[in-house]
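Novice: Predicted structure and sequence below. I'll ask about it afterward.
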Amino acid sequence: MGKHRRLGGYRLLDEIGRGSTAVVHLAMDPGGREVAVKELSPEAAGEPEAISRLAREMSAQARVRSDYVARLLDGQITAERPYVVMQYVPGCPLNDLVPAYGPLRRDRLARFARRLALALGDVHDAGVLHRDVAPGNVIVMGDRPTLIDFGIAHESGAEQITRRGMVVGTPAYLAPELIEGERATTASDVFSWAATVAYATTGRPPFGRGSLHGVCFRILRGQADLDGVPEPLAGLLRTAFRRDPAERPSARWLAGALADGDGAATRRRGVSAA
């Protein structure tokens, strides 16, 4: 076995992800367990704002306990190269899985959608907003999703710095109020959940591809493409895509509706699927 660099007590094995300010490594902890280590790049390690973002990520993710969310295990903000250590989740990101193998089979969709809603419900119950629920941040193994990457997550009461024209998150999966520069809420995450589930079902981003301007225009106009999404799932997605955040159901309610499986929960709540 070749020589691997160490970071804290972790042996870095392979690079498995890279962003503008950080690299994610597959690593091994002192007990021989595989973990994921997110390390700030040398440039970002000298930027107070990048370190602050990493600290916020740790704080938010540490609050969440869920069978469907990657756990925070460790981290060191004051290291020369600040890092966080997370549960390593085997599987394939949804945005790689769908192009390679096609949309999820219909017999798996309800379980996938329900479990992702449960993940989001657990995040929200912990007082956290994920703010980037999108196919790139959902690891899939079978019909089991795991929500990852709390890089722009916030505790619900924390100050959110957003400016009109500044897009934070994955644009094709953002709620319309975020495009307009409003505060993120649990309802914003629910909108992104619906867009992610629609992609898993059809293999298409529900608001299309192309220019950022065009995608954002279709989101603001409510022009979701749900062709091919079976009922009652399509009805649930339409409620989650409602323009007014106050009219969207909670993630916990959606998980319950999907458990019913026949749309009865939609009728009980008085929410039309139209």
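Specialist: Alright, I've got the coordinates.

Novice: ok, residues contacting stretch 246-254?
Specialist: By C-beta atoms under 8 Å, 6 or more residues apart in numbering, the residues outside stretch 246-254 that reach it are 113-114, 117-118, 120-121, 123-125, 186-187, 189-191, 193, 236, 239-242, 257, 265, 269, 271. C-betas here are computed from N, CA, C, even on glycine.

Novice: Count residues in the vicinity of Asp67, would you?
Specialist: 11 (other C-beta atoms under 10 Å).

Novice: Just the element for the nearest residue to it once chain neighbours are set aside, please.
Specialist: Residue nearest to Asp67 in three dimensions, not counting chain neighbours: Leu118, with 7.6 Å by C-beta to C-beta, 6 or more residues apart in numbering. Element membership for Leu118, per DSSP states H and E: helix 106-125.

Novice: who's in contact with that helix?
Specialist: With C-beta under 8 Å, 6+ apart as the criterion, helix 106-125 contacts 64-69, 104, 129-130, 133, 138, 140, 142-147, 153, 156, 186, 189-190, 193, 196-197, 200-201, 230, 233, 236, 250-252, 254-255, 258-259, 261.

Novice: State the next helix or strand along the chain beyond it.
Specialist: strand 128-129.

Novice: List the neighbouring strands of that following strand plus their orientation.
Specialist: Pairing partners of strand 128-129, with direction, according to DSSP bridges: strand 154-155 (antiparallel).

Novice: Need the mean per-residue confidence for the strand it pairs with.
Specialist: Strand 154-155 comes out with an average pLDDT of 81.

Novice: what's the following helix or strand after that strand?
Specialist: helix 176-179.

Novice: May I see the buried residues of that following helix?
Specialist: 176-179 (16 or more other C-beta atoms under 10 Å).

Novice: Quick check: which helices or strands does that helix pack against?
Specialist: helix 186-202, helix 212-221 (3 or more C-beta pairs under 8 Å, 6 or more residues apart in numbering; DSSP states H and E).

Novice: want to throw these into CSV with distance to Cys92 and mean pLDDT?
Specialist: Output for the helices and strands packed on helix 176-179, formatted as CSV (distance: least, C-beta to C-beta, whole Å; pLDDT from 0 to 100):
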stretch, distance to Cys92, mean pLDDT
helix 186-202, 12, 98
helix 212-221, 24, 96
